[in-house]
Structure formats: C-alpha cells, structure tokens
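Enquirer: Here's a sequence, model it:
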Amino acid sequence: MSLDPLLLRTLAGVADWTEYERAIATITEGYRPPAVEVTPSTAPGPHGAVPLRLYRPYDAAERMPALLWVHGGGFSGGSVDMPEADVVARELAHRAGALVVTVDYRLAGPGTLFPTGLDDVQAAWNWLVGAAADLGADPARFQLGGCSAGGNLAVAAARRLLDAGQPGPSGLLLGYPCLHFPTPAVEGLEVDELPAVLRFTPGQYLAVVQGYLGRIHDIPAAAMPGQGSVEGLPPTLLALSAVDELRGSGELFAEQLRSVGVPVVVDVAEGLPHGHLNIPPVPVLPEIDRSLAVLAAALRAGSPA
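Expert: Prediction:
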C-alpha cells in the first residue's frame, strides 16, 4: 500500500508542518469551498464556555440532519480553522443539507490534560441536543464524529452519554481515529516515504498519549475508547487512510463493533496518508472527494447504516 504518486512527489523533502502546508497548497490552490452560512456560538461547560462554529446551507430545510464534528491534531494541536474542521464542515453542510457544528475544545498541555477536551466535546453535544428546535435540526438525525484525535473524542463522548443514559448520537462518523494504545500494526504499509509529520512510529504515538494523559500507564478506557466496551454504540462509519500507521486502530475498532452486532461501514481512501481530510478536495486527488461523498451520504441519511 503505497502513497499516491502525486503526493509522493509533492511531499518529497517536507520536514515540518509549515513546509507540509506550503506543499499541499501547490496542488490545492484552485480549490474554492462551497458557500454556506457560518455563525459562532458557545456552549456552557464544566471548564468554562466552549466556542462553537455552526455551518448550514443558505437554503436549509426544516428539521435538517446535524453533526457535531471534532478536529484532530494529536489532542494538543489543531484548530477549528484547519481544513479537517473548516473545509470538511463546509463541504458536509453543503453536500448533505445539514447543520455541522465544530468544537473549539481545549487542547491538552500543562495543566490541561484528559478529560478536559472530552468534557468540552460532551458539553457541546449537550448544547446541540438542547438547541435542536431553535436550530431547525432533527434530533433523530444527530450524529457525532471527527478525525484522528477528534474521532477518539467523539467515540469517548458517545460512550459517556450511553453510560449516563443521556441522548446519544444516531451514528458515528469517524476519520482515521486513534482508539487504542498501543495501536495495532498494519502489514504491508510503505510508510518510509512519508514525511515525519505524517508518521506514527511507536515513539511518536507514545508522545501523543503522554501529552494527552500526562502518563503512559493506568490508561482509562475513556482516553482510548477502543480498549473499553463498544456494546450499545450506534452504527459507525470509518473513513480510513490507506497509508497510515493508525489504520490498524480503525480496522480493529470495526471488528470490535461487528463482534457485538453494531453495524459498521469501513471506507478506505487508497493512496492517501493519515489526515487526508485535512487536504481540500481537488480533482487531482479524487479519493478525498469520494471520502467526503461517503460521509455526506451517511450524514444526510441520519446514520451510516
């Protein structure tokens, strides 16, 4: 499983995130996001107000489906401005005729460790459920999702809601989530050609977990929800990246869900690395557009299955 030839050429020699963003800009400069209405809001939370950003079509129908979408970034990075949040939200709101809400959760760092970010995501979900009527959204079609660390937070929040007997999502929409520690190995990956910023070597992943929890022992299931119970979770879509050392976590999670009868759909973006939804959809990389189409179809339907 090797990297798309265009990305292989484009990313050659990339050494850090600044260079990565510049390189990606050379092949996505013609991209223009769809026009949608974007408004800020906040949700009350246990650590203070949680900033939100609401995306909806200008011609939104009444009782539209809704999605709470959580960005990635290794728990300690990323933002609602990154393409994985902003571009994906615009695309899904437009394609699915849906309300998409992104969460500016508190990032992990000194004094802000697990479960602070998870608390913020749960607070945002509770706000969305409570505001359904005012937002013109259909509470029977409220889904929860995110990418990478955001996918972890989405699953952990869904598990919390289920265990507390609170209204949970009708589906989970997950992009290349990290749900286990250590992450299961994937055979046949050609990852040596990837820039270091897109790698998840054991040492790099260890640092991610350390930064999130402040430790690498006594890891609670709420921090790595693939290591806890998956019974009762809603139907789930896993949009995975083919050339990704974390793909094994998504694949194992799919098997765990199937083992307890939870419907699951797995879609793999061929030739693309971890974080492929952080690249705007352009014709030269059709798998990104296809991933968004799969996510939009599940969002429109109110459930992946």
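Enquirer: What are the buried residues along stretch 71-89?
Expert: Taking 16 or more other Cβ atoms under 10 Å as the basis for neighbour counts, the residues of stretch 71-89 that come out buried are 71-78, 80, 82-89. Every residue, glycine included, has its C-beta placed from N, CA and C.
Enquirer: ok, now stretch 158-166?
Expert: Neighbour counts over stretch 158-166 (16+ other Cβ under 10 Å) mark 158-162 as buried.
Enquirer: cool, stretch 12-28 as well?
Expert: Buried, per 16+ other Cβ under 10 Å, within stretch 12-28: 14, 20, 23-24, 27-28.
Enquirer: got it, and stretch 260-273?
Expert: 262, 264-269, 271-273.
Enquirer: these two touch, right, Leu214 and Pro115?
Expert: In this structure residue 214 is Gly, not Leu. No: under the contact definition of Cβ atoms under 8 Å, Gly214 does not touch Pro115, with a separation of 11.6 Å.
Enquirer: So which of these two has more stuff around it?
Expert: Pro115 (19 against 14; other Cβ atoms under 10 Å).
Enquirer: so what's that one up against?
Expert: Contact analysis of Pro115 by Cβ atoms under 8 Å, 6 or more residues apart in numbering lists 222-223.
Enquirer: Please state the backbone phi and psi of it?
Expert: Dihedral angles phi and psi of Pro115 (degrees, to the nearest 10) take the values phi -100, psi 30.
Enquirer: same check, this time on Asp267
Expert: phi -130, psi 130.
Enquirer: That one contacts Leu237, correct?
Expert: Yes: with contact defined as Cβ under 8 Å, Asp267 reaches Leu237; the gap is 6.9 Å.
Enquirer: Overlap in contacts, these two.
Expert: Residues touching both Asp267 and Leu237 (Cβ under 8 Å, 6+ apart): Val294.
Enquirer: From the contact counts, what lies against the helix or strand bottoming out on mean pLDDT in the chain?
Expert: When each helix and strand of the chain is scored by mean pLDDT, DSSP states H and E, helix 132-135 comes last, with a mean of 94. Packed against helix 132-135, as judged by 3 or more Cβ pairs under 8 Å, 6 or more residues apart in numbering; DSSP states H and E, are the following elements: strand 137-147.
Enquirer: now do 7 Å
Expert: In terms of contacts (3 or more Cβ pairs under 7 Å, 6 or more residues apart in numbering; DSSP states H and E), helix 132-135 is packed against no helix or strand at all.
Enquirer: Could you pull out the buried residues of that helix?
Expert: In terms of neighbour count (16+ other Cβ under 10 Å), helix 132-135 has its buried residues at 132, 135.
Enquirer: ok, back up a step: any idea which of the buried residues of stretch 158-166 is the one closest to Met224?
Expert: Comparing the buried residues of stretch 158-166 against Met224 with Cβ to Cβ picks out Arg159 as the nearest, at 11.2 Å.
Enquirer: does the closest one count as helix, strand or coil?
Expert: Secondary structure state of Arg159, per DSSP: H, G, I helix; E, B strand; the rest coil, is helix.
Enquirer: Give me the pLDDT for it.
Expert: With respect to pLDDT, Arg159 scores 98.
Enquirer: That one and Pro225 touch, don't they?
Expert: Yes: counting by Cβ atoms under 7 Å, Arg159 touches Pro225, with 5.5 Å between them.
Enquirer: Quick one: mean pLDDT for the helix or strand hosting Arg95?
Expert: Assigned by DSSP states H and E, Arg95 falls within helix 86-96. Along helix 86-96, the predicted local confidence has a mean pLDDT of 98.
Enquirer: between it and strand 137-147, how big is the angle?
Expert: 140 degrees (axes from the mean of the first three to the mean of the last three Cα atoms, to 10 degrees).
Enquirer: Kind regards, and thank you for your time.
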